[in-house]
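> Structure for this input, please:
(2 chains)
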Amino acid sequence: MEKAHFYHALKVVEKVCIGCTHCMNVCPTSAIRVKNGIADINKNACVDCGECLNACPVNAIIVEQDDFSQIFHFKQRVALLPTVLLGQFPDDISEKQIYSVILDLGFTHVYEVDETVDVLTEATKTYMKKNHQDRPFISSFCPAIVRLIQVKFPALVEHIIHLKPVIDISALFYREKLRNEGFLDDEIGIFYVTPCAAKIAAVKSPVGEDNSFIDGVINMDFIYNKVLLSIKQNKTVGIKYEIDKHMSRRSIGWTLTNGEASQYSGRCLAIDEIHNVIEVLEKLENEEIRDIDFLELRACDHSCAGGVLTTENRFLAIERLRKRGDWYHRNKPIILEEKEIEEYRPYLLENISIKSIEPRSILSLDTDMMEAMKKMEKINRILKVLPGIDCGACGAPRCQALAEDVVQGKAKMTQCVFLQKMLTKEGLITPQESFDISENTWGIKRFEKKNINDH
Amino acid sequence: MEFTFFIEGGNFSKAGTASSEVKKILKQLNVDAKIIKRTVVSLYEAEVNVVAHAFEGNMIVEIFPDKIVVRIEDKGPGIPDIDKAMEKGFSTATPKVREMGFGAGMGLPNIKKNSDQMNISSTVNVGTQLEIVNYLK
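The predicted model follows:
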């Protein structure tokens, strides 16, 4: 069963938040309101896409991460790296250097997440053949998209491929491998270095799984800083890491746009950036687009290279990853890992399915349809008196959102500054009352003149 | 509850707007996802029919506790032979319309498939009235 409360990695740092409207206006699920001068995220609606973080002018929205020292609770400490990590560093820093520093930080093993991509592509092909009536298939790759479909497109939930994303398959593989080497389950800690907030949320409250296969999450920008600092200060002694694996071009390209869609036959589309995805899902829901076999949908612009925890410009990162893929393709270094994955292939394929993905619509006004109809009528009446300019001065992103909030008892009509002016003019509320209402939304003392010398 | 949406003939870039609006309303009313899907698919077909063949039309949506009744009324050439139009694959669409991905001749049969009741009447050179009923329970 999925938990009733959904973990979110995106947090508003109240001290830093200046209560502007940037995040509120870009949120694709209208999950944000401004209350008492601070952005407030509705946990049921948030899909952890990170649009708010990108839009915040003062870095008040952060991605909460686990304490790094937790890795030392385990004897075996596995770092699972996203392929995009290597794309973050300048060309003169080698794979070996990066891996070595990560080992230096305290990990006993360093692996890349996308090494098990071949297992997933095989399983996906079988899955699509077996469940062909569920076409078009939607990849389960991006956790923000899975959540988006759950909350906004509940009718499409059954189209999501019920197979584990590659991160879980890799975690399963390395855990099983270490278990076979004689380590106990609670001695093995698997840590994912994440380029985005959605992956953290997926680890903390997994969809379609009882428990996550990952023990903890480390933000990619944290690792990036550690690695760069260590290399710049020449702290890493010797090269510990021997590269003994072959990352195929397919594995390296997997998290980039078209990494998945290019692997399957039929009509396959790759769509990145959450608003683009929403546009396509709308059409899909109306059956305006048909005859699609596979949809690769990712929340970030340019997929994981555009994740909120990346540091490098996404275009430069992609170019580096492509170069790396080409290098492996030409030189084909010794393949050790790949052979090992082969041994575990039957085990991984056996454990690759996920359970049902529940729809949890945020759109319905009431579970009772009659109540919902009454509420809708009220909303339409309220909308007639609201100005319809979506200024956001009430603390809601659009007039429609304010009207809905009012009907749901979450806001008051008088939060609208236009109505306040009218009511004041007609003597129905005093200027002081009007002022108090606005202070409720924008915070105490928010309207006082700022001292020019303050920064 | 009643809603009316205007449909502009010949403007394919706007085709689907009315059905999407209806979809939004039904989602807010907590209508079962499968019923929403059926309804919206049939409305989209009907909307495209108006865009492709008529000068203009209206989509009038009435929502009752137990059913959704939608009337799509257009001013246009009408359908001379409704039985023929109901045949799968039959289409009067011009090559230009087909190139745009519309007019595969699935319209009316697909609407029938996705609705619990479908009534259609048409007068040549006047217009067509289509009524779609989907039950909520």
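
> how about low-confidence regions in the chain?
As the question left the chain open, I've gone with chain A. Residues of chain A that meet the criterion pLDDT under 70 lie in A:1-5, A:235-246, A:333-338, A:449-455.

> Actually, chain B is the one I wanted.
B:88-106.

> For it, what lies in contact range of chain A?
Within chain B, the positions adjacent to chain A are B:1, B:16, B:19-20, B:23-25, B:27-31, B:33-34, B:36-37, B:40-41, B:44, B:63, B:65, B:136 by CB under 8 Å from any CB of the partner chain. C-betas here are computed from N, CA, C, even on glycine.

> switch the cut-off to 7 Å
Applying CB under 7 Å from any CB of the partner chain, we find that chain B lies next to chain A at B:1, B:16, B:19-20, B:23, B:27-31, B:33-34, B:36-37, B:40-41, B:44, B:63, B:65.

> Going through those residues, which ones are buried?
Buried subset of the residues of chain B next to chain A (neighbour count, 16 or more other CB atoms under 10 Å in any protein chain shown): B:16, B:19-20, B:23, B:27-31, B:33, B:36-37, B:40-41, B:44, B:63.

> Which two of those have the greatest separation?
Farthest apart among those by CB to CB are B:16 and B:30. That separation is 23.0 Å.

> ok, and what's touching the helix or strand where residue A:418 lies?
Residue A:418 belongs to helix A:417-425 when elements are defined using DSSP states H and E. For helix A:417-425, the external contacting residues (CB atoms under 7 Å, 6 or more residues apart in numbering or on different chains) are A:385, A:387, A:393-394, A:413-414, A:429, A:431, A:434, A:437.

> Please point out which parts of it sit buried.
By 16+ other CB under 10 Å, the buried positions in helix A:417-425 come out as A:417-420, A:423-424.

> now the strands for the chain?
Assuming you mean chain A. A:10-12, A:32-35, A:38-41, A:61-63, A:76-81, A:109-112, A:137-138, A:188-194, A:216-219, A:268-272, A:294-298 (DSSP state E).

> wrong one, chain B
B:2-8, B:56-63, B:67-75, B:117-123, B:127-135.

> would TSV of those strands with distance to residue A:188 be doable?
Below are the strands of chain B laid out as TSV (distance: least, CB to CB, whole Å):
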stretch	distance to residue A:188
strand B:2-8	58
strand B:56-63	55
strand B:67-75	54
strand B:117-123	60
strand B:127-135	53
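
> my guess is residue A:345 meets residue A:119, correct?
Yes: judged on CB atoms under 7 Å, residue A:345 makes contact with residue A:119 at a distance of 5.9 Å.

> Pick out whichever of those two has more residues nearby.
Each of residue A:345 and residue A:119 has its neighbours counted (other CB atoms under 10 Å in any protein chain shown); residue A:119 has more, 25 against 16.

> Need the nearest residue in space to the more buried one, chain neighbours excluded.
residue A:348 (4.9 Å; CB to CB, 6 or more residues apart in numbering or on different chains).

> Point to the residue nearest the middle of chain B.
Closest residue to the average C-alpha location of chain B: residue B:46 at 1.8 Å, with CA atoms, centre = their mean.

> Ok, chain A next?
residue A:198 (2.3 Å).

> separation between that one and chain B?
Per CB to the nearest CB, to the nearest Å, residue A:198 is found 23 Å from chain B.

> doesn't residue A:145 make contact with that residue?
No: between residue A:198 and residue A:145 there is no contact under CB under 7 Å: 8.3 Å.

> Can you check which residues contact both of the two?
Joint contacts of residue A:198 and residue A:145 (CB under 7 Å, 6+ apart) are residue A:299.

> hmm, back to that, ok, and the most crowded of the contacts of helix A:417-425?
residue A:394 (29 neighbours).

> got a list of what that residue touches?
Contacts of residue A:394 by CB under 7 Å, 6+ apart are A:402, A:415-417, A:441.

> For my notes, please list the residues you listed in a markdown table and give distance to residue A:228 for each entry.
Putting the contacts of residue A:394 into a markdown table (distance: CB to CB, whole Å) gives the following:
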| residue | distance to residue A:228 |
| --- | --- |
| A:402 | 46 |
| A:415 | 46 |
| A:416 | 49 |
| A:417 | 47 |
| A:441 | 42 |
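
> Nearest to chain B among these?
Closest approach to chain B among the contacts of residue A:394 (CB to the nearest CB): residue A:402, at 15.4 Å.

> Now residue B:40. Nearest residue, chain neighbours left out?
In space, and not counting its chain neighbours, residue B:40 is closest to residue B:23: 4.6 Å by CB to CB, 6+ apart.

> do you know how far that neighbour is from residue A:276?
Residue B:23 sits 19 Å away from residue A:276, going by CB to CB, to the nearest Å.

> Then residue B:116?
35 Å.

> swap in residue A:348?
To residue A:276, residue A:348 is 32 Å away according to CB to CB.

> Between the two, which is the more surrounded one?
Remark: of residue A:348 and residue A:276, residue A:348 carries more neighbours, 21 against 14, as counted by other CB under 10 Å.

> Report the contact partners of the more buried one.
Residue A:348 is in contact with A:116, A:119, A:169, A:172-173, counting by CB under 7 Å, 6+ apart.

> which of those residues sit farthest apart?
A:119 and A:172 (9.7 Å).

> The residue nearest to residue A:326 when sequence neighbours are not counted - how many residues pack around it?
Nearest residue to residue A:326 in three dimensions, chain neighbours excluded: residue A:249, at 7.0 Å (CB to CB, 6+ apart). Per other CB under 10 Å, the neighbour tally for residue A:249 reads 16.
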